[in-house]
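What follows is a predicted structure for the sequence shown.
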Amino acid sequence: MIASALIVDGTAVAYRAFYAVQGLSTRDHQPTNALFGFVRMLRQLEARWRPERLVATFDGGSPAHRLEKCPAYKAQRAPMPDDLRSQLALIDEYLDVAGIPRILLPHQEADDVMATLADRAARAGAVVRLATSDKDLMQLVDDRVRLIPPTKTDEELDVAGVAAKTGVRPDQIVDWLALIGDVADNIPGVSGIGPKTAAKLLARFGSLAECFARADEIDSDSLRAKLLAGRAVAELNVQLMTLDKAVPGVPDWADVPAPAPDAARLKAFFEKYELHRFAAEAAGGAPAAPAPKPPPARPAQDQLSLF
């Protein structure tokens, strides 16, 4: 049985690495800042948690079912910077020589792929850690699934941690997000209801459905009116924010291989892109330095930041 698994939001880590490390390129002017930061973050995570399985997932575009329900879903996001886009192939090449499985499926978001993998790994008996800063994935946390931020390798969010951060249980996260919305995904919430009010409603009634069914028990006329006026918005948001745990094309957990790095290819890869410290490490030198902290104002791909 595989006892531990680490599933990484590769797209988010690439964005964070790109903004955290500035001005790094080869003599031929190929940017390598995102590659450098990506490698360092993954190595720090792997060194801290020592997973038996490590998988990197990447966004393949928004699923049709979300776009059909909400054409404006993520429509406000700026295109990926050219200097970052030019490094995606380098990151793929690194994952190949490092022997780390990579999953990118057309028209599937990394969050849903992570949800599918986490569910399968947990059912197989593994303790699963998801390296992400996205609040959406808090809905997956249970006694076997935890969240860790890519840049704070010692922090781990369990069931109690989710409640401390948000005021609600993991199984209430979708309803909580449905009420408050998600600016990063261009999903509006119920007008006039913020995180604390949403948490209080769910603490009292237990679920979004019960909030609406027992709205007459809400003492505040103003709050009751806001809630009922936003019912259609909130119910649509539940559909948009519920992660898919059965994404087609995601491999069975038993078929996910263990990391199998090729030291010689790693050394040649790092030398090719002039990452000399990593090349020395691949040849048996000192370990990489701690992962850099990205600017707090620029979370990965403008996600709703968890940490």
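Perfect, thanks for sending it. Residues are numbered from 1 along each chain as shown.

Show me this protein divided up by domain.
Listed domain ranges for the chain are 4-166+244-302, 170-241 (source: automatic domain parsing).

Let me have these in JSON lines, extended by mean neighbour count and mean pLDDT.
C-beta coordinates here come from the backbone N, C-alpha and C atoms, glycine included. JSON lines is the format used below for the domains of the chain (neighbours: other Cβ atoms under 10 Å; pLDDT from 0 to 100):
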{"stretch": "domain 4-166+244-302", "mean neighbour count": "18", "mean pLDDT": "90"}
{"stretch": "domain 170-241", "mean neighbour count": "17", "mean pLDDT": "97"}
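
Residue 41 against residue 150, yeah?
Yes - using Cβ atoms under 8 Å, residue 41 makes contact with residue 150 at a distance of 5.2 Å.

which other residues reach stretch 102-119?
The contact list for stretch 102-119 (Cβ atoms under 8 Å, 6 or more residues apart in numbering) reads 5, 7, 9-12, 55-64, 92, 95-96, 128, 130, 132, 134, 136-137, 140, 145, 243-251, 253, 256.

Three-state assignment for residue 78, please.
Put simply, residue 78 is coil when judged by DSSP: H, G, I helix; E, B strand; the rest coil.

What's the separation between it and residue 244?
26 Å (Cβ to Cβ, to the nearest Å).

ok, back up a step: in strands, which of the contacts of stretch 102-119 appear?
5, 7, 9, 55, 56, 57, 58, 128, 130, 145 (DSSP state E).

can I get those residues in a markdown table with distance to residue 35?
Output for the ones in strands among the contacts of stretch 102-119, formatted as a markdown table (distance: Cβ to Cβ, whole Å):
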| residue | distance to residue 35 |
| --- | --- |
| 5 | 24 |
| 7 | 21 |
| 9 | 17 |
| 55 | 19 |
| 56 | 13 |
| 57 | 18 |
| 58 | 14 |
| 128 | 26 |
| 130 | 22 |
| 145 | 29 |
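
Tell me which two in those residues are the farthest apart.
Spatial extent of the ones in strands among the contacts of stretch 102-119 (Cβ to Cβ) is set by the pair 58 and 145 at 20.0 Å.

Tell me who's in contact with the nearest residue to residue 127 once chain neighbours are set aside.
Distances taken as Cβ to Cβ, 6 or more residues apart in numbering put residue 4 closest to residue 127, at 5.1 Å, once the chain neighbours are dropped. Going by Cβ under 8 Å, 6+ apart, residue 4 touches 49, 50, 51, 52, 53, 126, 127, 128, 129.

If we use 10 Å, what do you get?
49, 50, 51, 52, 53, 54, 121, 126, 127, 128, 129 (Cβ atoms under 10 Å, 6 or more residues apart in numbering).

Report the two of the residues you listed separated the most.
Applying Cβ to Cβ across the contacts of residue 4, the maximum distance is between 50 and 121, 15.7 Å.

Please enumerate the strands of the protein.
So, for the chain - with DSSP E - the strands run 4-9, 53-58, 102-104, 127-131, 145-148, 181-182, 187-188.

Columns distance to residue 272 on top of the ones you listed, output as JSON lines?
Listed next are the strands of the chain as JSON lines, based on distance: least, Cβ to Cβ, whole Å:
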{"stretch": "strand 4-9", "distance to residue 272": "23"}
{"stretch": "strand 53-58", "distance to residue 272": "20"}
{"stretch": "strand 102-104", "distance to residue 272": "19"}
{"stretch": "strand 127-131", "distance to residue 272": "26"}
{"stretch": "strand 145-148", "distance to residue 272": "31"}
{"stretch": "strand 181-182", "distance to residue 272": "39"}
{"stretch": "strand 187-188", "distance to residue 272": "42"}
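
Select, out of the ones you listed, the one closest to residue 199.
Nearest of those (Cβ to Cβ): strand 181-182, 14.4 Å.

What lies in contact with that closest one?
Residues outside strand 181-182 that contact it (Cβ under 10 Å, 6+ apart) are 73-74, 134-136, 187-191, 193-194, 198, 230, 233-234, 237, 240-241, 303-304.
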